[in-house]
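> Model the structure of this input:
(one chain, ligands or ions: 1)
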Amino acid sequence: MDRIARSAAIIDGKQFAADLLGDIRLKVATLKENTGKVPGLAVVLVGSDPASTVYVGSKHRQTTAAGMNSFKYELPAETTQQELMALIDRLNVDPQVHGILVQLPLPAHLDAGAVIQEINPDKDVDGFHVSNAGRLATGSPALVPCTPLGCMMLLKDRLGPDLAGLHAVVVGKSNIVGKPMAQLLLAENCTVTVVHSRTRNTAELCRAADILVVAAGRPGLVRGDWIKPGAAVIDVGINRVEQDGKSRIVGDVAFDEAGHAGAITPVPGGVGPMTIACLLSNTVTAFCRLNNTSAA
Ligand SMILES: Nc1nc2c(c(=O)[nH]1)N[C@@H](CN(C=O)c1ccc(C(=O)N[C@@H](CCC(=O)O)C(=O)O)cc1)CN2
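Predicted structure coming up:
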């Protein structure tokens with residue numbers, strides 16, 4: 001498909017995240033005034049994966065900037081399962097810690113599933129624990145995974161509060177994005193289709209989508225002719241590629257072919273910043289529940 005003159009509205013996740021972080025800063029100040037305490041977020045990094053190091057650094061800076069306590073744990077790649085589980089057990093009972101996250105991916109010798117399940121569900125600000133996943137699936141209050149939560153905020157800001165009846169297609173079925181994203185869309189009474197690597201008619205299904213959320217981890221997977229004119233496209237992809245001798249981040253959607261979309265998130269500058277802003281929002285939520293208070 002030839003490049004189409006840009007007409008899709010850009011969903012500016014970077015600006016939305018900045019505004020959300022401003023709101024969080026005010027809430028933290030209110031909590032400090034009312035309780036004398038501030039939320040605390042513990043972030044555990046195992047090894048030295050370059051991307052993870054960047055993300056953890058950004059989480060630490062933004063947590064501190066919001067007036068919250070940030071506890072960063074940088075462990076060597078050789079850390080054993082027992083050592084990591086023991087750290088989580090200590091954080092679970094630390095009264096200054098209200099949110100705990102272990103940066104993914106973990107080194108291959110560690111059981112990430114067991115690590116996630118070791119976290120106190122009330123402090124699971126990633127929303128990955130089976131308790132929170134089950135509560136999300138059954139419509140109970142839960143800590144919701146940050147990236148899907150951010151995607152939903154962007155969608156409702158763009159499309160309005162009522163998404164009922166819209167056909168939403170989610171590309172990807174990961175536990176941290178695709179599946180919780182589908183649950184959030186279902187909770188908004190969308191008609192939801194989840195496609196994945198074994199789906200046989202992915203392009204056809206995407207073309208029927210009013211809302212298209214792409215979290216496949218494959219650069220440029222979704223071509224322009226997979227997008228229905230006017231659709232809202234949320235590109236969750238964060239793919240590092242070499243182009244013209246330079247390393248850059250691209251999404252899962254062929255952005256230059258998506259001019260006929262109604263709206264689209266750019267990569268970078270779309271979903272990514274929302275992930276961190278929603279992490280801080282989840283940490284405030286966890287603090288309020290653990291302290292039986294509110295930031296209103
Ligand atoms: N425990 C977790 N691990 C991981 C998560 C998570 O939610 N919890 N998500 C991703 C990585 N991630 C947060 O950890 C993350 C990815 C990207 C961004 C972001 O702001 N990206 C920028 C571009 C920055 C760059 O140059 O890479 C953007 O998209 O504008 C924030 C957080 C996997 N691990």
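
> Not counting its neighbours along the chain, what's nearest the residue of the chain found nearest the ligand?
Closest to the ligand within the chain is G272: 2.2 Å, counting by Cβ to the nearest ligand atom. The way it works is simple: take the backbone N, C-alpha and C, and place the C-beta from them, glycine included. Nearest non-adjacent residue to G272, counting by Cβ to Cβ, 6 or more residues apart in numbering: I238, 6.2 Å away.

> How confident was the prediction at that neighbour?
Per-residue confidence (pLDDT) for I238: 96.

> Would you confirm that it contacts P266?
No - the criterion here is Cβ atoms under 8 Å, and I238 misses it with P266 at 12.0 Å.

> More neighbours: which of those two?
Using other Cβ atoms under 10 Å as the criterion, I238 and P266 rank with I238 on top: 21 against 18.

> show me the contacts for that one.
Contact analysis of I238 by Cβ atoms under 8 Å, 6 or more residues apart in numbering lists A51, I249, G251, V267, P268, G272.

> The first one - how many residues pack around it?
A51: 12 surrounding residues under other Cβ under 10 Å.

> That one touches N239, doesn't it?
No - if you go by Cβ under 8 Å, A51 and N239 don't touch, sitting 10.8 Å apart.

> What is the burial count for K59?
Using other Cβ under 10 Å, K59 is surrounded by 22 other residues.

> Which strand or helix spans it?
Assigned by DSSP states H and E, K59 belongs to helix 50-65.

> Tell me which residues of that helix come out buried.
For helix 50-65, burial by neighbour count (16 or more other Cβ atoms under 10 Å) applies to S52, Y55, V56, K59, H60, Q62, T63.

> Look at the fourth one and report its pLDDT.
On pLDDT, K59 comes in at 98.

> now I4
Per-residue pLDDT puts I4 at 44.

> phi, psi of V170?
Note on V170: its backbone torsions stand at phi -110, psi 120 [degrees, to the nearest 10].

> With A216 instead?
In terms of degrees, to the nearest 10, the main-chain angles of A216 are phi -100, psi -20.

> again with V46
Dihedral pair for V46: phi -110, psi 120, per degrees, to the nearest 10.

> how many neighbours does the closest residue to it other than its chain neighbours have?
Leaving aside its chain neighbours, V46 sits nearest to L75 (4.6 Å; criterion: Cβ to Cβ, 6+ apart). By the measure other Cβ under 10 Å, the count of residues near L75 is 16.

> What is the helix holding K59 packed up against?
In terms of contacts (3 or more Cβ pairs under 8 Å, 6 or more residues apart in numbering; DSSP states H and E), helix 50-65 is packed against helix 13-35, strand 40-46, strand 69-75, helix 271-290.
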